[in-house]
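Only the shape, not the letters, is given here:
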Ligand code: PMV
């Protein structure tokens, strides 16, 4: 095959990944658990070309600098495994906002892993594809899979995502700021590990939180899953805010949205808030509550766009030609 197109969806972690045990292999310090969404997909085409260089086009514009360098480094990995020296033209389109803490790097590297391995003729099963996607961006390991999955810490062989039995979940994404963030998650993650006095506590407690979350998911305990989701998000942000120099991703409106979600619970709608490395807030809820949660977040006046999402599919190669 000389060209392939793949589509992958972002995921939002209920138990966050924050910190690496091995930066070169992108091995996480702890496991994490997420829900792959059914909104904001990335669609990526990889086409092998005759030229001397790779080319990367993102959302209709030529990408340069760090984003392009990360794509070239990723293609080098695929070429090494496929025994190929051919360069590629990569065209990628994000349906959601890029670089705003809404997991565009997860859907992006999951789609790139599937499209590039297909274009270079490297047949990979889901665990191998998840391991490969992990090298591009840690959280991308989880966007290979549909629905709820756990991404294991471990070594290069064993660090991939696997499905977890879970009650049906929905999420409501409240965009506070759709622009790119000031400090990348990569930089902030390194800084947290190097300087936050809370980092060790974060790593130790996250191992326990993950075990408890998997058990809650498997016994269908939505309430405990929700409580652990907020706990994991707030503990991650606490350790990030304590690094030197500090990084604060949550804006005043983000904090107010956490309060609005807590108020919803006292009104009888059982939603829980989380946020990644950015100011946007995502509310976890039961599928039957998603419209009530969306109405409340829209009505709060705190969010720009409010998007309702359900459990989404795993990565899929949608087109390939020889
Ligand atoms: O995959 P990265 O390197 O962009 O890190 C993502 C980290 C968080 O989104 C904040 C948490 C997570 O588990 O997705």
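Sure, I can see it. Worth saying up front: this structure is predicted, and the values here are computed from it rather than measured.

shaky segments in the stretch 51-200 of the chain?
For the stretch 51-200 of the chain, residues meeting the criterion pLDDT under 70 lie at 97-103, 178-179.

need the residues of it near the ligand, please.
Proximity of the stretch 51-200 of the chain to the ligand is assessed by CB under 6 Å from any ligand atom, with 105, 106, 137, 138, 139, 185, 186 identified as the residues in range. For glycine as for every other residue, the C-beta is placed from the backbone atoms N, C-alpha and C.

give me the element the residue nearest to residue 224 when sequence neighbours are not counted is part of.
With CB to CB, 6 or more residues apart in numbering as the criterion, residue 224 has its nearest non-adjacent residue at 4.0 Å, and that residue is residue 216. Under the assignment given by DSSP states H and E, the secondary-structure element containing residue 216 is helix 199-218.

Just the buried residues of the very next helix or strand once past that helix, please?
For helix 199-218, the succeeding helix or strand toward the C-terminus, using DSSP H and E, is helix 222-241. Using 16 or more other CB atoms under 10 Å as the test for burial, helix 222-241 gives 222, 225-226, 228-233, 235-237, 239-240.

quick one: which of those is nearest residue 46?
Distances from residue 46 to the buried residues of helix 222-241, taken as CB to CB, are shortest for residue 236 (32.7 Å).

number of nearby residues for the residue nearest to the closest one when sequence neighbours are not counted?
For residue 236, the nearest residue in space outside its immediate sequence neighbours is residue 16; the separation is 4.4 Å by CB to CB, 6+ apart. If you count neighbours by other CB atoms under 10 Å, residue 16 ends up with 27.

still on that earlier bit, check what pLDDT the residue nearest to residue 224 gets.
Reading off the per-residue confidence, residue 216 sits at a pLDDT of 98.

And it, how far from the ligand?
Separation of residue 216 from the ligand (CB to the nearest ligand atom, to the nearest Å) stands at 18 Å.

okay but that residue is in contact with residue 226, surely?
No - counting by CB atoms under 8 Å, residue 216 stays clear of residue 226, with 9.2 Å between them.

separation between residue 57 and residue 119?
Distance from residue 57 to residue 119, counting by CB to CB, to the nearest Å: 15 Å.

the more surrounded of those two?
In terms of neighbours (other CB under 10 Å), residue 119 is the more surrounded of residue 57 and residue 119; the figures are 29 against 15.

residues contacting that one?
For residue 119, the residues meeting the contact criterion (CB atoms under 8 Å, 6 or more residues apart in numbering) are 1, 2, 3, 4, 46, 47, 48, 88, 320.

what two of those residues are the furthest from one another?
Top of the distance list for the contacts of residue 119 (CB to CB): 88 and 320, 13.7 Å.

Neighbour count for these two, which is higher?
Neighbour count, other CB under 10 Å: between residue 88 and residue 320, residue 88 has more, with 26 against 17.

Let me know the closest of the buried residues of helix 222-241 to the ligand.
Nearest to the ligand among the buried residues of helix 222-241, counting by CB to the nearest ligand atom, is residue 236 at 6.7 Å.

returning to that earlier point: please identify the buried residues of the helix holding residue 216?
Within helix 199-218, judged by 16+ other CB under 10 Å, the buried ones are 199, 202, 203, 205, 206, 209, 210, 212, 213, 214, 216, 217.

Quick one: list the elements packing against it.
If you count contacts as 3 or more CB pairs under 8 Å, 6 or more residues apart in numbering; DSSP states H and E, helix 199-218 packs onto strand 11-15, strand 32-36, strand 148-151, helix 185-195, helix 222-241.

if we go to 6 Å?
If contacts are counted by 3 or more CB pairs under 6 Å, 6 or more residues apart in numbering; DSSP states H and E, helix 199-218 sits against strand 11-15, helix 222-241.

I'd like these as CSV, with distance to residue 39 and mean pLDDT appended.
Formatted as CSV, the entries for the helices and strands packed on helix 199-218 read as follows, by distance: least, CB to CB, whole Å; pLDDT from 0 to 100:
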stretch, distance to residue 39, mean pLDDT
strand 11-15, 11, 98
helix 222-241, 18, 98
